[in-house]
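> Okay, sequence plus prediction incoming.
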Amino acid sequence: MKGTLAAMRTITAPLVAVVLLLGCWQVAVMVADISPFLLPRPTVIAHSMWSNREVLFDATLSTATAALAGFALAALVGIIGGSVIAAVPVLRRSLYPLATILQMVPLVAVAPLLVIWLGFGLPTAIAASAVVAVFPVLASTIDGLRSVDPGLREVFLLAEAPPWTRWRKLDLPASIPAIVTGLRIAAGLAVIGAIVGEFVSGYGGSRAPLGIVVMTAMREARTELVFGAVALCAVVGFVLFGVVSTLGWLLLRRWHSSAQHELE
Amino acid sequence: MKGTLAAMRTITAPLVAVVLLLGCWQVAVMVADISPFLLPRPTVIAHSMWSNREVLFDATLSTATAALAGFALAALVGIIGGSVIAAVPVLRRSLYPLATILQMVPLVAVAPLLVIWLGFGLPTAIAASAVVAVFPVLASTIDGLRSVDPGLREVFLLAEAPPWTRWRKLDLPASIPAIVTGLRIAAGLAVIGAIVGEFVSGYGGSRAPLGIVVMTAMREARTELVFGAVALCAVVGFVLFGVVSTLGWLLLRRWHSSAQHELE
Amino acid sequence: DAPKQPQSVPIQVQLNWVPEPEFGGIYAALQEGLYAQAGLAVEVIKGGGQVPCAQLVASGQVPFAVVSGEEVLTLRARGGPIVAVFATFQKNPTGFLLHAENPINSLEALWRSDSTIGIDPGLPFVKMLNERYPGGAVKLVPYSGALATFLASPNYAQQCFITSEPVECQLRGIQSKVLSLADVFNPYAAVVATNETFLKEHPDRVDAFVRATAEGWRRYLDAPERYNPAIAALNPSMTLEAMNIAARLERPFIVPEQGERAIGTMSAARWQSLCEQLTATKVIESCGSIDAAFVAAPPAVP
Amino acid sequence: MNSAPEVVCEALSRRFPNGVCALDKISFRVPSGGLTAIIGPSGCGKTTLLRIAARLDQSTEGQIRCVSRDGTPMLPRAGQLAVCFQEARLLPWRTALENVALPLELAGVDRAERRMRANRVIHAAGLDGAQQRMPAQLSGGMRMRVALARALVTQPSVLLLDEPCSSVDEFTRMQLDEEIRRLWQASGATTILVTHSVSEAVFLADTIIVMEHGRVHATHTVELPQGGRDRTSLAFSQEVEFIMRTLACAAGVARR
Amino acid sequence: MNSAPEVVCEALSRRFPNGVCALDKISFRVPSGGLTAIIGPSGCGKTTLLRIAARLDQSTEGQIRCVSRDGTPMLPRAGQLAVCFQEARLLPWRTALENVALPLELAGVDRAERRMRANRVIHAAGLDGAQQRMPAQLSGGMRMRVALARALVTQPSVLLLDEPCSSVDEFTRMQLDEEIRRLWQASGATTILVTHSVSEAVFLADTIIVMEHGRVHATHTVELPQGGRDRTSLAFSQEVEFIMRTLACAAGVARR
Ligand SMILES: Nc1ncnc2c1ncn2[C@@H]1O[C@H](COP(=O)(O)OP(=O)(O)OP(=O)(O)O)[C@@H](O)[C@H]1O
Ligand SMILES: Nc1ncnc2c1ncn2[C@@H]1O[C@H](COP(=O)(O)OP(=O)(O)OP(=O)(O)O)[C@@H](O)[C@H]1O
Ligand SMILES: [Mg+2]
Ligand SMILES: [Mg+2]
């Protein structure tokens, strides 16, 4: 009962914020008289979303699949890779800064390679999403692991726990707050990565993903459809963010201060 | 003396890694006989970088300026905004998830607006860089602030320290490890943001920034120049990352476990 | 001679790509001081890949911009007060780039094959081709902007601009051919546009700019080698050799049937047919008044 | 000079969400300038009591409040109420000296005076020479003494001490007890001292409250002269003996 | 059964990078199955000594090592050497029971036996009923007792205890002392106990080492029957009295 109420509040708050934002936007556009081809009104955007609902629904499904898979891949690679890098000082000193490159290679530059290796369509979009989202997870994991209380580490050193056990029973649980932060950041980036991947990887099947819808609408100067598609990207990112936050809260509420006051 | 040695090691390790990577690359390209249009050899890239050194030098300067300014802006906004959001529960519940949208709005969609508000060239590139880089700083700051040891917080509560004082003397120093992680992630993103900003903002003066060099070189299938320009983006990101890491180490070495073993 | 004014008015023109022979006339006019003689201090703003030129000029951010013909009509349909004043390419310079050894030799054969073609999503001619040549297994993928994919795969085709990709192939010694789109879809290209307000307030400046640009083109097409070094200096990523080849290639697309004197001029019929194609493929619903969409170029100076 | 408030605890209860009843209708009062020691088995609610007194936790019933000399309720201003927590709670990025000076800094005392006053309590806590060390470079006992010094540095009028001397050796503890008594007598602070050492309680307190399981098991007034209590005297041993028996009984009750 | 190693400390020194000399050529030996108590002023190097013995820190000179019965040096296997740290060091995401069972879990003991053995020591530590609470829901003394239970649960052959009872009341402490003695006698572990309570040292130890400033100030063999030492006996008080004086002297030296 109390839980349901709190959960409702958790969902309501950002919704109210969104509604407020849209209200201000509508008023601002009307007052400042901004041309609709530059910044359409929210009502116009909503209308265009409704009339294109079938296209947008398919597109959202398709992009959400890519973003979700990319996010999962990034989480896996980031947490495991980060753990290995954090554990081996030589790797930490060499690979950690090197990994920054990963996130900096503009996808468009390696797109021809990606396309040749992975083909057009979903796999490329997933790879792009994962590449863009992996670094925050990696960095948070590494920094989280290196901040584990040395006192607790000594408890495990004493028991001569093998690295794998220590990781499972100490490092990972102690780093969960940091990793959740990394995953929160990655949630949004995974969606961007999927979109950018779709720019280069394209249509795949018959269903055009959101990235292609955005490009097409832009080419046709349908600004309101561009914004509609972008809003759906945001929704996908939102949902991923919400799932990560809830998961983090479930894992942390019993012991970590950051999760103590969420459900008051 | 010991410090210099350690600093040298800190710089050497990633360099060695880069050299190893390039070596493997060169061998792989030669053995697998990959077309130079897809993946040119490092030696060819290096040669092209040398023959285009003037263009690339100007381009790097120009992009680095945008990335640095964008990064600084993101750091400022992220830390201050994050602190405000973390302090006010209503804002945390509403604005924090909303901020994920920020990083998800494809710049190309709002490019006309950005260019209209900020004009051509540098200001738009800076804004793009800041928009892309701000969320990691924001998220890390918020999560860092919320993880401050409640025991220490009580010490300040008792003294009835005003929020501003508590922030300065407790929250901020205690969150520095988390904020440094956020800034590390932001370092790379700031460079990407600058590049994307250059795609949409064009350039006024004679110096083409790296984003434009990448685009034109791609159109002309000068893949080796594309990779050369990308390598320079990476260098800019590297340097930012290095500066953040060093700063973090300087701030943390006296007390935080993550910085204890760096200079052994 | 253009009237000499004591002070020249600053005017910007936004390009939709980096300095190239595609904009040769503007640079020639600059180099010859034609704009200055007309009392205009023209500043050329180089573009990137995704600079929203049409929106910028429609919102009055810049007085002039180089855009495509279909952009003028689409943005007008969305309420953007953009007006075409000068059409560089009289014939559509876009087409499909194929390897020379590719057996396909017509648009129809291409569209009815099972080739993979790189095309920017949202280009209007895709719908036209689909309607005209139904039943193909052709696979459309986004055009990445990179020529590398083409160079690496023999059966791949991609959209191209006559002054750009074919030249690159030629310079690299790769045999290629171009299937022109002009028969199917022939809008004006590299159109210089302004916005309605500017046109109403400063018809004289528009006129002066257009005349100087047209004269610039005439001089450029006569001796592109004279002007290309200056362009190459502004765009170090394209070689002078490539520019010289491109200038020769683009000439037939720029000079209209009426001859050099009519460079840049436009006709209502051409705009009308573009309008019909765009409405037929439902890119836009209607075009409004075609006459308001462009200003026919002033009579050429002998 | 002795304007310290009286501390009044009235039917105070605290039940945690997990059902544990840490305090169960507890009542007592500490007169202005008095020093009451609380002693009782581990887990009987002593820390909970101090936390509620310091308004860091909330009671589920009843209250504990400060009453000024003229009988009106009052809230001690910042710096007037100090707590020495059971754990040291030092800021890890500050030296020992900077940690001790923190409450003064928060109260806006200027740099030079801050230094002087902090150094004085650091000396009293036997920490000379450790001023510039970081908390991680101090031994456990030294950390607790830094925390005690931090609580004493503002000369508060209400002082809540939670086992301040539990991790120091008996000899150092006796010296600290002397210091606490000296400072307490000089400042006239109303003090609640939680301790596990019966002899410490007898040495310092006017009144000793023996708790068990969230209740007051016994209240005992120490019948020794406040001036100089002699640990070796027979009267002292008898008091200790008495409290020990009471405590054993309370612990026995708690363990039932 | 008594195969516990001897612990030999030879000219052990530890100088920290900041110049503090925590241990200064200290030597002693704890015979197999012996219990040596270390007592000394706060900051004299006791924790540093235990940490080096547990190989969590390194000496700058000399060594401390285990020697098996037949005289050959040996390294205790995992689980054979247990430490109760001065701070509780509990994993905050595990309940009390799970924390106590941790060393068994790491040693690969199966679930049911783990539970049984952990519950046994939890009972011995007087923590019945608190098994399912998280560390943040325990009082300070309870947390330390969980830590003590965790050290004892593997029945190690070398046991290093750093003030395990400092934050519990005297009555509980006596009960814990009984438990420690019972477990120690049953397992025959070679034990080093750091304590601030002289009577605890006299009650438990064969040998008491009084330290001051990183050196051994005095070594005293407790001349009482190991079986049942009676805290109320005259001999006991005399031993306490003697150690107190030695300690006072050591503390005096330290404070010079
Ligand atoms: N990491 C460190 N760096 C520098 N000095 C240290 C460090 N750790 C401990 N010291 C110093 O070494 C000395 C011995 O410390 P240690 O912790 O061994 O004392 P202790 O005998 O356990 O004291 P206590 O009874 O207070 O716990 C102290 O003076 C302390 O300040
Ligand atoms: N946050 C909490 N949630 C649930 N139970 C709690 C919480 N904090 C304390 N308790 C329980 O309340 C009781 C009293 O705790 P408290 O810390 O006041 O004991 P204490 O008298 O200070 O003991 P000690 O001498 O060991 O410090 C204990 O049984 C403890 O387990
Ligand atoms: Mg307590
Ligand atoms: Mg110690």
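That came through, no problem. Numbers count the residues shown, from 1 in each chain, chains lettered A, B, ... in the order given. Ligands and ions are numbered 1, 2, ... in the order given.
> Next one: residue 228, what pLDDT does it get?
I'll assume chain A. Here the pLDDT value assigned to residue A:228 is 91.
> I was after chain C.
The per-residue pLDDT reported for residue C:228 equals 93.
> Kindly report the same for residue A:44.
Note on residue A:44: pLDDT of 91.
> Would you map the helices across the stretch 1-150 of chain C?
Applying DSSP state H, counting those that start in this stretch to the stretch 1-150 of chain C gives helices spanning C:24-31, C:34-37, C:53-58, C:69-77, C:107-112, C:124-132, C:148-152.
> The ones you listed: lowest mean pLDDT?
Taking the mean pLDDT of the helices of the stretch 1-150 of chain C, helix C:148-152 comes last: a mean of 81.
> just how off-centre is that helix within its chain?
24 Å (C-alpha atoms, centre = their mean, to the nearest Å).
> again, but for stretch C:35-42
23 Å.
> Next: stretch C:268-287.
On the basis of C-alpha atoms, centre = their mean, stretch C:268-287 is displaced by 18 Å from the centre of the chain it belongs to.
> if you compare the helices of the stretch 1-150 of chain C, which one is most tucked away?
For the helices of the stretch 1-150 of chain C, average neighbour numbers computed from mean count of other C-beta atoms under 10 Å in any protein chain shown are highest in helix C:53-58, which has a mean of 28. Yep, even glycine has a C-beta here, placed from its N, CA and C like the rest.
> can you tell if that helix touches chain A?
Yes - for helix C:53-58 and chain A, the contact criterion (C-beta under 8 Å from any C-beta of the partner chain) is met by C:54-55, C:58.
> For that helix, C-alpha coordinates in PDB please.
Output of helix C:53-58 as PDB, limited to C-alpha atoms (Å, rounded to 0.1, in the frame of the first residue of the first chain):
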ATOM      1  CA  CYS C  53      20.700  26.100 -44.800                       C
ATOM      2  CA  ALA C  54      17.100  26.300 -45.900                       C
ATOM      3  CA  GLN C  55      15.900  26.900 -42.400                       C
ATOM      4  CA  LEU C  56      18.600  29.500 -41.900                       C
ATOM      5  CA  VAL C  57      17.700  31.500 -44.900                       C
ATOM      6  CA  ALA C  58      14.000  31.200 -44.300                       C
END
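> name the helices or strands packed onto it?
With contacts defined as 3 or more C-beta pairs under 8 Å, 6 or more residues apart in numbering or on different chains; DSSP states H and E, helix C:53-58 has these neighbours: helix B:107-118, strand C:9-14, strand C:64-67, helix C:69-77, strand C:82-89, strand C:189-195.
> hmm, back to that, nearest to residue D:111, out of the helices of the stretch 1-150 of chain C?
helix C:53-58 (57.1 Å; C-beta to C-beta).
> So what touches that closest one?
For helix C:53-58, contacts defined as C-beta atoms under 8 Å, 6 or more residues apart in numbering or on different chains pick out A:35, A:37-38, A:221, B:112, B:115-116, C:14-16, C:47, C:62-67, C:71-72, C:75, C:80-82, C:193-195.
> ok so, going back, quick one: which of the residues of helix C:53-58 next to chain A is nearest residue C:171?
Nearest member of the residues of helix C:53-58 next to chain A to residue C:171, counting by C-beta to C-beta, is residue C:54, at 31.3 Å.
> how about the strands in chain D?
All strands of chain D, identified by DSSP state E, fall at D:6-15, D:21-30, D:35-39, D:61-67, D:73-74, D:81-84, D:158-162, D:190-194, D:207-212, D:215-221.
> Can you report how many residues neighbour residue D:120?
Neighbour count of residue D:120, defined by other C-beta atoms under 10 Å in any protein chain shown: 14.
> For residue C:15, grab the count of nearby residues.
Counted with other C-beta under 10 Å, residue C:15 comes out at 23.
> doesn't residue C:43 make contact with it?
No - with contact defined as C-beta atoms under 8 Å, residue C:15 and residue C:43 do not form a contacting pair (11.2 Å).
> quick one: what helix or strand has the residue in the stretch 151-264 of chain A that chain D sits nearest to in it?
In the stretch 151-264 of chain A, the residue that lies nearest chain D is residue A:151 (10.2 Å; C-beta to the nearest C-beta). Using DSSP states H and E, residue A:151 sits within helix A:150-158.
> Could you pull up the residues touching the residue most central in space within chain C?
With distances taken as C-alpha atoms, centre = their mean, the residue of chain C nearest its centroid is residue C:190 (2.2 Å). Shown in contact with residue C:190 (C-beta under 8 Å, 6+ apart): C:22-23, C:66, C:68, C:87-89, C:93.
> Quick one, which of the helices of the stretch 1-150 of chain C gets closest to ligand 1.
helix C:148-152 (57.3 Å; C-beta to the nearest ligand atom).
> elements contacting the closest one?
Identification of packing neighbours for helix C:148-152 by 3+ C-beta pairs under 8 Å, 6+ apart yields helix A:107-118, strand C:156-161.
> Would you mind putting those into TSV with distance to chain D alongside?
Listed next are the helices and strands packed on helix C:148-152 as TSV, based on distance: least, C-beta to the nearest C-beta, whole Å:
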stretch	distance to chain D
helix A:107-118	41
strand C:156-161	59
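> out of the ones you listed, nearest to residue E:144?
Of all the helices and strands packed on helix C:148-152, helix A:107-118 comes closest under C-beta to C-beta, at 55.1 Å.
> Would you mind listing the buried residues in the closest one?
A:107-116, A:118 (16 or more other C-beta atoms under 10 Å in any protein chain shown).
> now the angle from the one helix or strand residue A:186 maps to to helix B:107-118?
Using DSSP H and E, the element containing residue A:186 is helix A:172-201. Here the directions of helix A:172-201 and helix B:107-118 differ by 90 degrees (axes from the mean of the first three to the mean of the last three C-alpha atoms, to 10 degrees).
> Just name whatever secondary elements whatever helix or strand comes next after helix A:172-201 is in contact with.
Next helix or strand after helix A:172-201 toward the C-terminus (DSSP H and E): helix A:210-219. Packed against helix A:210-219, as judged by 3+ C-beta pairs under 8 Å, 6+ apart, are the following elements: helix A:53-87, helix A:172-201, helix A:223-252, helix B:107-118.
> Need the mean per-residue confidence for helix A:210-219.
For helix A:210-219, mean pLDDT is 86.
> ok so, going back, now tabulate the buried residues of helix A:107-118 in JSON lines and tack on distance to residue B:87 and pLDDT.
Below are those laid out as JSON lines (distance: C-beta to C-beta, whole Å; pLDDT from 0 to 100):
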{"residue": "A:107", "distance to residue B:87": "37", "pLDDT": "71"}
{"residue": "A:108", "distance to residue B:87": "40", "pLDDT": "67"}
{"residue": "A:109", "distance to residue B:87": "42", "pLDDT": "69"}
{"residue": "A:110", "distance to residue B:87": "42", "pLDDT": "73"}
{"residue": "A:111", "distance to residue B:87": "43", "pLDDT": "71"}
{"residue": "A:112", "distance to residue B:87": "48", "pLDDT": "70"}
{"residue": "A:113", "distance to residue B:87": "46", "pLDDT": "74"}
{"residue": "A:114", "distance to residue B:87": "43", "pLDDT": "77"}
{"residue": "A:115", "distance to residue B:87": "47", "pLDDT": "76"}
{"residue": "A:116", "distance to residue B:87": "51", "pLDDT": "74"}
{"residue": "A:118", "distance to residue B:87": "45", "pLDDT": "80"}
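> Cheers, nothing more for now.
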